[in-house]
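[1] Whatever this is, show me its structure:
(2 chains)
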Number of protein chains: 2
Amino acid sequence: MKILVTSGGTSEAIDSVRSITNHSTGRLGKIITETLLAAGYEVCLITTKRALKPKAHPNLNIIEINNTKDLLLEMQERVQDYQVLIHSMAVSDYTPVYMTGLEEVQASSNIEEFLSKQNHQTKISSTDEVQVLFLKKTPKIISLVKEWNPTIHLIGFKLLVDVSEDYLIEIARKSLIKNQADLIIANDQTQISTDKHRAIFVEKDQLQTVKTKEEIAELLLEKIQAYHS
Amino acid sequence: MKILVTSGGTSEAIDSVRSITNHSTGRLGKIITETLLAAGYEVCLITTKRALKPKAHPNLNIIEINNTKDLLLEMQERVQDYQVLIHSMAVSDYTPVYMTGLEEVQASSNIEEFLSKQNHQTKISSTDEVQVLFLKKTPKIISLVKEWNPTIHLIGFKLLVDVSEDYLIEIARKSLIKNQADLIIANDQTQISTDKHRAIFVEKDQLQTVKTKEEIAELLLEKIQAYHS
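    Residues are numbered from 1 along each chain as shown, chains lettered A, B, ... in the order given. This next block holds a predicted model:
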C-alpha cells in the first residue's frame, strides 16, 4: 500500500524578500512518516523547505514545495497513485495579490480594482507609513482530493486555536462530510507543544482522543492497517 | 573587543498560525560569527529560530528573537555593551495591524479607522473570498543604534533586488550617512546563492567588492581589526 503524506507549512510570496508563512515544524509529519515506514509501507512525503524531515529510507520519497499552487500541482499529479493520503500540511488560506500604500487605496473609488493589479517591483518599496495588502482565497485542496481519486482513503487535519472541544469536533465533522474524508484529526493549537499533542480522531461513528504525536502516529497506523484488513 | 552580530529574518505575526517572514537563511551571519570567534573576539549573536546557527563556542552567546519589537528591546539593552555591531538581520519593514474581509473595507467611509482596530480572533476566519491586511511601518532600528551608543562601530547591510550597481551603491551611501555607519555592505538578491555572494563594502572614501560569504567575513574581520589598531 502506497501512502502520500503532506507536512510542514506553505509560504505565499508577497515579493522576492517577504512571504506569508503558515507555522508548522513538520515534527508530526516526520513521526507519522517514520512510523509508516517502520510498518513496511511505501511513503511519499510532500513537505516544505524548513520542515523537519524523516531520516532517509529506501521506501521514502521526499518532495519539497513552497506554496499552495505548487502543492496543488504536485497533489493533482500524484494522488491517483496512492491508496491513502494523510494531509497534515498547514496550507495558506490566502495568497497575496497586490500591496500598496494607504494613500493609493484612499484615492480609489472602487477598491476591487486592486484585485486585478500586480506588484511589478521585485522588492516592494518601504516608503509609505501604512501599506495595504490584498489577499485572495486559495483553492481548498482537501476538497479536490476525491475528485482526483475517488477510492483514496482521505485523512485530513483541522487545526483551531483556543476553542471548546465540542466546537472543535463539530467543525471537524463538517470537514469530514464536506471533503468525503475517512477521518479528520482535530487539534487545538493551545494543546500542542514539542512533547504533548492532544488530538481527537473524528470518524463517522467514532471519536478517539490521544495525547502525543507518537500516539497520533500509532493510532493512524492502526486505522490504515484496518483499511486493507 | 565585544561584537554584537544580528542574523536571520524577523517574523511578524498576523494571527497565531500565520506570519509575515523576511527570508534569510542566517548562513552569512553564521560564517561571520565563526570567523570572528576564530580571531579571538567575544560575540553575541541575536538571531531567529529558523536561522542557521554557529557551533557552540565559549566566547559565543546566542539570543533568539521573533519579531521587530523583540529585536528593538534586545538591542536597546545590549548595544551599549559592545564596540562593534554587525547588523545583518533581515528586519521586517512592516508589521500587521488588522486583517478583515473586503466587504468591511468597502463599507467603510474612512479606511484609516482600521489602523486602530485589532483582530480579537486567535485564528482569523477564512470565510471571505478576499481579505485586506493593514500594515504599519516598524521602527528603523539601524537609525537608533548611534543614539544608544554613540561610539559603537556600526556596520549595516543594504539588500536590494535586481538593480544596477550604481543605484545599489547610491542607496548604500545614503544609509551610511543617515545612520552614521562606518560601513554598509550592499548586496543584490539576484547575486546571492549558497556558494556565491557578491557584495560591495561601501565606506565614506572607499568601495571594495567581494564574491563569497567567506570573503565578506574575511574583509569584515580586517575592517574590525583596523578599528582598534
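[2] Which residues are in contact with the residue nearest to residue A:81 when sequence neighbours are not counted?
    With Cβ to Cβ, 6 or more residues apart in numbering or on different chains as the measure, residue A:2 is the residue that lies nearest to residue A:81, at 6.5 Å, once sequence neighbours are left out. For every residue, glycine as well, the C-beta is placed using N, CA and C. Residue A:2 sits next to A:41, A:42, A:43, A:44, A:81, A:82, A:83, A:84 when contact means Cβ atoms under 8 Å, 6 or more residues apart in numbering or on different chains.
[3] The fourth one: how many residues sit nearby?
    It stands for residue A:44. For residue A:44, the tally of surrounding residues (other Cβ atoms under 10 Å in any protein chain shown) stands at 20.
[4] Just the pLDDT for the spatially most distant residue from the centre of chain A.
    When distances are taken from the C-alpha mean of chain A, residue A:107 lies farthest, 37.4 Å away, according to Cα atoms, centre = their mean. At residue A:107 the predicted local distance difference test score is 90.
[5] Would you tell me what the next helix or strand after the helix or strand of chain A with the lowest mean pLDDT is?
    For chain A, the helix or strand with the lowest mean confidence is helix A:102-106, at a mean of 91 (criterion: mean pLDDT, DSSP states H and E). Counting by DSSP states H and E, the element after helix A:102-106 in chain order, helix or strand, is strand A:130-137.
[6] Show me what the helix or strand just after that following strand is packed against.
    Proceeding C-terminally, strand A:130-137 gives way to helix A:145-148 as the next helix or strand, assigned by DSSP H and E. Under the contact definition 3 or more Cβ pairs under 8 Å, 6 or more residues apart in numbering or on different chains; DSSP states H and E, helix A:145-148 sits against helix A:68-78.
[7] after the helix it packs on comes which helix or strand?
    Going C-terminal from helix A:68-78, and assigning secondary structure by DSSP H and E, you next hit strand A:84-87.
[8] Report the strands that pair with that next one, each with its relative direction.
    Each strand paired with strand A:84-87, and its direction, by DSSP bridges: strand A:2-6 (parallel), strand A:153-160 (parallel).
[9] For the last one, what is the distance to the chain centroid?
    Its chain's C-alpha centre and that of strand A:153-160 lie 9 Å apart, by Cα atoms, centre = their mean, to the nearest Å.
[10] any idea of the mean pLDDT for that strand?
    96.
[11] Pull the number of nearby residues for residue A:144.
    Neighbour count for residue A:144, taken as other Cβ under 10 Å: 15.
[12] That one against residue A:76, yeah?
    Yes. Counting by Cβ atoms under 8 Å, residue A:144 touches residue A:76, with 7.5 Å between them.
[13] next one: the longest strand belonging to chain A to chain centre, how far?
    Of all the segments of type strand in chain A, defined by DSSP state E, the longest one is strand A:183-192. Counting by Cα atoms, centre = their mean, strand A:183-192 is centred 13 Å from the centre of its parent chain.
[14] Skipping adjacent residues, who's closest to residue A:96 in space?
    With Cβ to Cβ, 6+ apart as the measure, residue A:14 is the residue that lies nearest to residue A:96, at 4.8 Å, once sequence neighbours are left out.
[15] which of the strands paired with strand A:84-87 sits most buried?
    strand A:2-6 (a mean of 24; mean count of other Cβ atoms under 10 Å in any protein chain shown).
[16] Go ahead and produce PDB holding the CA coordinates of it.
    Taking Å, rounded to 0.1, in the frame of the first residue of the first chain, the C-alpha atoms of strand A:2-6 are listed here in PDB:
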ATOM      1  CA  LYS A   2       1.400   3.400  -1.000                       C
ATOM      2  CA  ILE A   3       0.700   6.300   1.300                       C
ATOM      3  CA  LEU A   4       1.000  10.000   0.500                       C
ATOM      4  CA  VAL A   5       1.800  12.300   3.500                       C
ATOM      5  CA  THR A   6       1.900  16.100   3.500                       C
END
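[17] could you give the angle of that strand to helix A:68-78?
    180 degrees (axes from the mean of the first three to the mean of the last three Cα atoms, to 10 degrees).
[18] Quick one: name whatever helix or strand follows strand A:2-6.
    The helix or strand immediately downstream of strand A:2-6 is strand A:11-13, counting by DSSP H and E.
[19] tell me which residues in that following strand are buried?
    Of all the residues in strand A:11-13, those buried under the rule 16 or more other Cβ atoms under 10 Å in any protein chain shown are A:11, A:12.
[20] Report the mean confidence score over that strand.
    Rounded to a whole number, the mean pLDDT of strand A:11-13 is 95.
[21] Give the buried residues for the helix or strand following it.
    Stepping forward along the backbone from strand A:11-13, the first helix or strand reached (DSSP H and E) is strand A:18-22. Along strand A:18-22, the positions that meet the burial threshold by neighbour count (16+ other Cβ under 10 Å) are A:18, A:19, A:20, A:21, A:22.
[22] Pretty sure the second one sits against residue A:13.
    This points to residue A:19. Yes. The pair formed by residue A:19 and residue A:13 meets the contact definition of Cβ under 8 Å, at 5.0 Å.
[23] ok so, going back, which residues sit against the longest strand of chain A?
    Outside strand A:183-192, the residues that touch it by Cβ under 8 Å, 6+ apart are A:88, A:154-163, A:165, A:168-169, A:171-173, A:175-176, A:197-203, A:216, A:220, A:223, B:16-17, B:122-123.
[24] isn't the residue nearest to residue A:96 right up against residue A:133?
    Yes. Contact criterion Cβ under 8 Å: residue A:14 and residue A:133 qualify, at 6.8 Å.
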